[in-house]
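Visitor: Dropping a prediction and its sequence here:
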Amino acid sequence: MPDIFVILAWVGAIAGAYVLLFWVLAWWARRTPNDVDDVVVGVLQWPVVVFLVLTAIIALTNRSALSDSVKNPVADVGNILRIGVTTWAVWRLTRDTILYYGRQLAKRSEASFDDVLIPVLDVLSPVVIVGVAAILMLRLLGADISTVVLTTGGAAVVVGLALRDTLGNILGGLTLLIDTPFRFGDLIVWDGVVCQIKRIGLRVTTLYNTEEHSDIYVPNSVLSSGKLANLTRPSPDLRVCIPVKVPDSLDTGRVKALLYELADANPYILGDLSLKLAAMKKALESLNPASDEARQLKWGLSALRRERQLDRRLAHMTALLDRLLVVTRGAEKGGLSAEERARIAKELATLDEYDEQVKKAMRLWAQARTRDPQLRRFPEDRKRLLSDAENRVYALAGHLDDLRNHLKSAGLYETQRLDDMVVAFRDWLPTLFKAVTPAWKYPFVGLTEGGIADMTVQLTVYVDDIHLEGFLRRPRVVTALSEAATAYLCEASSTISTAA
């Protein structure tokens, strides 16, 4: 019989662990600002207590006067149960912390590999954890692991030959993970159909058919070896060409001017912001203020003003980064002195003050975009616009934090790379934070191959963010613009004929 003091010691240890986990640490976790510690403490409470109880049973049994025929089975069963409890706790911690917060981070991250990595880990992690636990249990029961490995290897060869296509799909999924050509939510053209990336599994990738409202399941081996057109990259706007029949009474110069004005007056077409604001104001003056077209133009004017304000803020921040770059490059020669660090820190402080204005401008622009009359039937699009803005703000804060931390703990190597970080940040702003529309995306009117005899011109425009409106923005805008162009030119032609 074990000593009574040993029993009391184990009871005290178990009771102390219970009080520590269920009272003290639980009280502390509830008062911390983040919820990671709440999850960790909540997951570990019962597994730790049960593990200590099993350990106490094994220890007390070994100290007792029972025969080995009783002690050994008790120890084996206890150890197997301890492995099981530990496996369960490790899996819960992996699922509720690493995988859960990994998904949250992947949504805000600019990288695309984590969007694929997290679902793959979600599938593989329980297999690995349970596999390790099974090997430990087999070793505990006295099984020859080398024999098990050889048997498993032989079985794996047989299974591999039988499931060659399935393994090819799994390898295809890993290929998509390593060199992924898309992110979740991207629009791609697959087999002539516009589809959205919905899910990447170990064997198949799920695509959402935007034209027929159906799911398409494509084997990863086929997807990884096929030709894809990603409509979302490098930006979610899409180039479309609209042929327009020109009345005989209009010359091409007049036609081009009318079509440029019509395209600039459409809030869903990219272009020069100043020209678009002027064209939209002019178009609004000729409309009934209560009409749907007038409400749409009023919204467009508000959204474009917010966008112009954001562009100006970004231009100012880019100028601040250029100034910081000059200071950094001048200071890096021969290493950073205390005075040079202070100068760079002062420039960063100025950047920090302006940073909040940029964040505010981004949020105001996103809020203005959500008030689009066309998005009233698509609340998920409004949520996506706000979420996307917050992700960009989060990334902006991350870049600034990297600069601060790099300067704070800069050694000889880091100081020589400080200017590279500033350049990377400056280049990131107009590309991934908020793209400024380049001149080559402005509306363009050109003659078709038929020439002047056919009097047909081609209006080339970029439709903004084709994800929106249930993926129907592009056909809606193209149809509306084509009909408006025809009516606009016919009206102009009638006016000329009447005057003549």
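Guide: All right, it came through fine.

Visitor: rest of the way, CA atoms for contacts and neighbours
Guide: Noted.

Visitor: How many residues are close by T205?
Guide: When neighbours are defined as other C-alpha atoms under 10 Å, T205 has 21 of them.

Visitor: and it, what pLDDT?
Guide: For T205, the pLDDT comes out at 83.

Visitor: Start the count at 341 instead of 1 going forward.
Guide: Renumbered: residue one is now 341, and that last one reads T545.

Visitor: all strands for the protein, in order.
Guide: 527-530, 533-540, 544-549, 554-559, 569-570, 578-585, 784-787, 796-803 (DSSP state E).

Visitor: And the ones you listed: which comes nearest T819?
Guide: Closest approach to T819 among the strands of the chain (C-alpha to C-alpha): strand 578-585, 9.1 Å.

Visitor: And that closest one, what does it pack against?
Guide: Counting contacts by 3 or more C-alpha pairs under 8 Å, 6 or more residues apart in numbering; DSSP states H and E, strand 578-585 is packed against strand 796-803, helix 813-839.

Visitor: Quick one: distance of it to the chain centre.
Guide: 31 Å (C-alpha atoms, centre = their mean, to the nearest Å).

Visitor: got it, and stretch 558-571?
Guide: Centroid displacement of stretch 558-571 relative to its chain, using C-alpha atoms, centre = their mean, is 20 Å.

Visitor: What's the end-to-end length of that stretch?
Guide: Using C-alpha to C-alpha, to the nearest Å, the end-to-end distance of stretch 558-571 comes out at 18 Å.

Visitor: mind listing what's buried in that stretch?
Guide: For stretch 558-571, burial by neighbour count (16 or more other C-alpha atoms under 10 Å) applies to 558-561, 563-564, 570-571.

Visitor: just stretch 394-403 next, same as before
Guide: Across stretch 394-403, burial judged by 16+ other C-alpha under 10 Å covers 394-402.

Visitor: In terms of pLDDT, where does D519 sit?
Guide: Taking D519 on its own, its pLDDT is 63.

Visitor: With I806 instead?
Guide: On the pLDDT scale, I806 gets 88.

Visitor: which residues does it contact?
Guide: Shown in contact with I806 (C-alpha atoms under 8 Å, 6 or more residues apart in numbering): 576-578, 812-814.

Visitor: that older thread, out of the helices and strands packed on strand 578-585, deepest packed?
Guide: strand 796-803 (a mean of 22; mean count of other C-alpha atoms under 10 Å).

Visitor: separation between the nearest residue to K699 once chain neighbours are set aside and M702?
Guide: In this structure, K699 finds its nearest non-sequential neighbour in V733, 5.9 Å apart by C-alpha to C-alpha, 6 or more residues apart in numbering. For V733, the distance to M702 (C-alpha to C-alpha) stands at 8 Å.

Visitor: out of the buried residues of stretch 558-571, who's nearest G382?
Guide: Closest to G382, out of all of the buried residues of stretch 558-571 and judged by C-alpha to C-alpha, is N560, at 37.9 Å.

Visitor: Let me know the pLDDT of the closest one.
Guide: Confidence score, pLDDT, at N560: 76.

Visitor: what's the spacing between it and I540?
Guide: According to C-alpha to C-alpha, N560 stands 8 Å off from I540.

Visitor: Also R717?
Guide: Distance, R717 to I540, by C-alpha to C-alpha: 29 Å.

Visitor: now what about stretch 418-433, what contacts it?
Guide: By C-alpha under 8 Å, 6+ apart, the list of residues contacting stretch 418-433 from outside reads 380, 383-384, 387, 390-391, 394-395, 397-398, 465-466, 469-470, 473, 476-477, 480.

Visitor: are any of these buried, and which?
Guide: Using 16+ other C-alpha under 10 Å as the burial test, the contacts of stretch 418-433 include 380, 383-384, 387, 390-391, 394-395, 397-398, 466, 470, 473, 476-477 as buried.

Visitor: List the buried residues for stretch 625-640?
Guide: Going by 16+ other C-alpha under 10 Å, stretch 625-640 has these buried residues: 634-640.

Visitor: ok, now stretch 765-780?
Guide: Those would be 765-766, 769-770, 773-774, 776, for stretch 765-780 by 16+ other C-alpha under 10 Å.

Visitor: What is the nearest of these to L665?
Guide: Nearest to L665 among the buried residues of stretch 765-780, with distances taken as C-alpha to C-alpha, is R766, at 9.5 Å.

Visitor: May I ask you to confirm that that closest one is in contact with T658?
Guide: Yes. Assessed by C-alpha atoms under 8 Å, R766 is found in contact with T658 at 6.1 Å.

Visitor: now the helices for the stretch 591-740 of the chain?
Guide: Secondary structure of the stretch 591-740 of the chain, counting by DSSP state H, counting those that start in this stretch: helices at 592-604, 613-625, 632-672, 678-710, 719-748.

Visitor: so who does V667 touch?
Guide: Listed by C-alpha under 8 Å, 6+ apart, the contact set of V667 reads 683-684.

Visitor: who has more neighbours, R717 and I540?
Guide: Higher neighbour count among R717 and I540: I540, with 24 against 11, using other C-alpha under 10 Å.
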